[in-house]
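S.K.: With the sequence up front, the predicted model follows.
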Amino acid sequence: GFASVVDGNLSGITAGGLACVIDGSLQGISAGGLASVVGDDASGIMVGGFACVVEGDLSGITVGGLANVADGNVEGITLGGLANVVDGDLTGISIGGLANVADGDLTGISIGGLANVTDGDLTGISLAGLSNVCAGEMSGISVAGLATAAEGDIRGVHLTGGALVTESDFFGIGAGVIGAFSHGDFDFDEGQDISFYGFKADNAGFLLLHAIDIDIADQLVGLSASGIDIRAGEITGFASSGIFVKAHRLHGFSASTVNYYDELQVGLSVGLVNVASRTQGVQLGLVNISNDELHGFQLGLVNIARNVPSWLKFLPVLNLHFD
C-alpha cells in the first residue's frame, strides 16, 4: 500500500510505498519509499527514499536518500545522501553526501562530502571534503580539504589542505598547505580583527609541516618545517622555515633566513641573520648577534657579542667566548 502504519512496537518486516511509520520501537526491517519513521528505539535495517527518522536510539544499517536523523545514539552503518544528523553519539561507519553531524561523540569511520562535525570527541578515521571540526578531542587519522579544528587535544595523523588548529595540544603527525583566515566582530575604533592560521596549538610535537605558518604558544617539540615562519614559546628539536624562526628559547637546531631567540639559544642556528639574547652553542650566518652573552662561537661576515672585551665585541669571520 501507500503507507505502513504501526501503532505500537514492531518486531519483523514492514514496507510502505510512501512511508513506514511506527509509533513505538522497531526490531527488524523497515522500508519506506519516501521515509521510515520510528517513534522510539530502532534496531535492524531501515531504508527511506528521502529520510530515516528515529526518535530514540538507532542500531544496525540505515540508508536515507537525503538524510538519517536520530534523537538518540546511533551505532552501525549509516548512509545519508546529504547528511547524517544525530543528537547523541554516532558510532560505526557513517557516510554523508554533505556532512556527518553529531551532538555527542563521533567514532569510527566518518566520511563527509563537506564536513564531519561533532560537539564531542572525534575518534577514528575522518575524511571530509572541507573540514573536520570537533568541540572535544580529536584522535586517529583525519584528512580535510580546507581545515581541521578542535577545541581539545588533537592526536594521531592529520592532513589538511588549509589550516590545522586546536585550542589545546597537538601530538602526532600534522601537515597543512594554504592556511585559513578567521575574523571576529567588527569594532569601529579598532576595525576588523582578522587573523591567519596555518598550524596553531598551545603545545605541539612531534612532526609538524605547513607550507606557510606554524604558531605554537608554548612548547614545540620534535621536527617542524614551514615555508614562511615558525613561532613558538620554546623549541626543542629541529625547526626550519623559509623566512624566520622566532621563539623565546631554542634547545636544538634551527635553520631559516632569520633565527631570533629573545631569551636563550642552546644549540645551533644557521641563517642569514641569527639573533639571540644568550647563546650557548653556535651561530652560523652572515650576521650573528648575541645581545647579552655568548658561550660558544659565531662564524659569519659580522659577529657581535656583548660579554667579551670591547675590542672583540664586533668581529668578522669568527668570534668565540667560552667563560
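M.R.: Done, it's in. Residues are numbered from 1 along each chain as shown.

S.K.: Residue 269 against residue 287, yeah?
M.R.: No - look at residue 269 against residue 287 with Cβ atoms under 8 Å: they stay out of range, at 11.7 Å. (Glycine included, C-beta is placed from N, CA and C.)

S.K.: out of those two, which sits in the more crowded spot?
M.R.: Taking neighbours as other Cβ atoms under 10 Å, residue 269 and residue 287 compare with residue 269 leading, 28 against 17.

S.K.: Relative to residue 204, how far out is the more buried one?
M.R.: When distance is defined by Cβ to Cβ, to the nearest Å, residue 269 is 20 Å away from residue 204.

S.K.: What's opposite residue 79 in the beta bridge?
M.R.: residue 63, residue 95 (DSSP bridges).

S.K.: try residue 223
M.R.: Here residue 223, judged by DSSP bridges, has bridge partners residue 207, residue 238.

S.K.: for residue 117, same thing?
M.R.: residue 101, residue 133.

S.K.: Pretty sure it sits against residue 134.
M.R.: Yes - in this structure residue 117 lies within contact range of residue 134 using Cβ under 8 Å: 7.4 Å.

S.K.: which of the two has more neighbours?
M.R.: residue 134 (27 against 23).

S.K.: In contact with the more buried one, which residues are there?
M.R.: By Cβ atoms under 8 Å, 6 or more residues apart in numbering, the residues touching residue 134 are 106, 117-122, 149-152.

S.K.: quick one: which of these is most hemmed in?
M.R.: Ranking the contacts of residue 134 using other Cβ under 10 Å puts residue 106 first, with 31 neighbours.

S.K.: Not counting sequence-adjacent ones, nearest residue to that one?
M.R.: Computed as Cβ to Cβ, 6 or more residues apart in numbering, the closest residue to residue 106 that is not its neighbour in sequence is residue 118, at 3.9 Å.

S.K.: Please tell me I have it right and residue 101 contacts residue 82.
M.R.: No - Residue 101 is not in contact with residue 82 according to Cβ under 8 Å; the separation is 10.8 Å.

S.K.: Name the residue in these two with the higher neighbour count.
M.R.: residue 101 (24 against 18).

S.K.: What are the boundaries of the helices in the stretch 151-300 of the chain?
M.R.: Read by DSSP state H, counting those that start in this stretch, the stretch 151-300 of the chain holds no helices at all.

S.K.: ok, what's across the strand from the residue lying closest to residue 3 once chain neighbours are set aside?
M.R.: Leaving out its chain neighbours, the residue that sits closest to residue 3 by Cβ to Cβ, 6+ apart is residue 16, at 4.5 Å. Residue 16 has these beta-bridge partners by DSSP bridges: residue 32.

S.K.: what's around residue 16, how many residues?
M.R.: So residue 16, with other Cβ under 10 Å, has 19 neighbours.

S.K.: Would you confirm that it contacts residue 6?
M.R.: No - if you go by Cβ under 8 Å, residue 16 and residue 6 don't touch, sitting 10.1 Å apart.

S.K.: From the centre of this structure, point out the most distant residue.
M.R.: The C-alpha centroid of the chain is most remote from residue 311, which lies 51.8 Å away (Cα atoms, centre = their mean).

S.K.: What pLDDT does the model give it?
M.R.: Residue 311 carries a pLDDT value of 73.

S.K.: State the distance from it to residue 319.
M.R.: For residue 311 relative to residue 319 (Cβ to Cβ), the value is 11 Å.

S.K.: same check, this time on residue 117
M.R.: 56 Å.

S.K.: next one: residue 85
M.R.: From residue 85 across to residue 319, the span is 66 Å (Cβ to Cβ).
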